[in-house]
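In: okay, predicted coordinates and the sequence, questions at the end:
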Amino acid sequence: PNGLISRAETATVFFRLLKDEVRDGNLLTSNTYSDVPDDYWANTAISTMTGLGIVQGHSGTTFDPEAPTTRAQFAAICARFDTGESSDTQAFSDIDGHWAEQYIARATELGWIKGFEDGTFRPDNAVTLEEACTAVLKLLGYKMTDLNGAFPVAQLNKAQELGLRSQLNRAQGQTMNYED
């Protein structure tokens, strides 16, 4: 499993997870990013999620929507999105001093995303579509053992069934871009 999920797609998935009243009360259709024009397919999701402080651009003027989401960026988004309690004490051998160290600790402690068996998190690796779908399904309360099938097909199928992969047209293992 190595299908990558772009920054625009990640913002869109989390936008869809907002409660209707939160989404409707904070809906934005413009932003300050030069690379996310008003007619861009994910503009509303990126604008709204930026306004809520859940996603951030690479700078004040660019978002880089087509770039793959890194594991650190994904952890930061998860940590900002989830209001649950955590002690932010999860440690990995490769995150000390990383800009997302506290976000990674929080997101892993809350169960959004896991590290690797060797004690690393690999924060600068791209998060895969399969990892993102699994994390979102956990947030929604699904137990991975209750899904029909094996990883990652079961997770991808459930995400599709719930509409989370709508407009995300790539198959397992394929790199994704903004046109998907």
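Out: Yep, that arrived. Residues are numbered from 1 along each chain as shown.
In: apart from its neighbours in sequence, what residue is nearest A45?
Out: Taking C-beta to C-beta, 6 or more residues apart in numbering as the measure, A45 lies nearest to F15, with 3.7 Å between them; neighbours along the chain are not counted. The way it works is simple: take the backbone N, C-alpha and C, and place the C-beta from them, glycine included.
In: which SS state does that neighbour fall under?
Out: The three-state label given to F15 by DSSP: H, G, I helix; E, B strand; the rest coil is helix.
In: quick one: contacts for it?
Out: Going by C-beta atoms under 8 Å, 6 or more residues apart in numbering, F15 touches 23, 44-45, 48-49.
In: CSV please, covering the residues you listed and showing neighbour count, secondary structure and pLDDT.
Out: Converted to CSV, the contacts of F15 look like this (neighbours: other C-beta atoms under 10 Å; DSSP: H, G, I helix; E, B strand; the rest coil; pLDDT from 0 to 100):
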residue, neighbour count, secondary structure, pLDDT
R23, 17, helix, 95
T44, 19, helix, 97
A45, 25, helix, 97
T48, 23, helix, 98
M49, 27, helix, 98
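In: what is the end-to-end distance of stretch 94-114?
Out: Between the opening and closing residues of stretch 94-114 there is a gap of 14 Å (C-alpha to C-alpha, to the nearest Å).
In: what average pLDDT does that stretch get?
Out: The pLDDT scores in stretch 94-114 average 92.
In: L18: what's it in contact with?
Out: 26, 48.
In: now it: how far from T83?
Out: Note on L18: its distance to T83, by C-beta to C-beta, to the nearest Å, is 12 Å.
In: before we move on, the earlier item: just put the contacts of F15 in TSV and tack on distance to A132.
Out: Listed next are the contacts of F15 as TSV, based on distance: C-beta to C-beta, whole Å:
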residue	distance to A132
R23	19
T44	20
A45	14
T48	19
M49	14
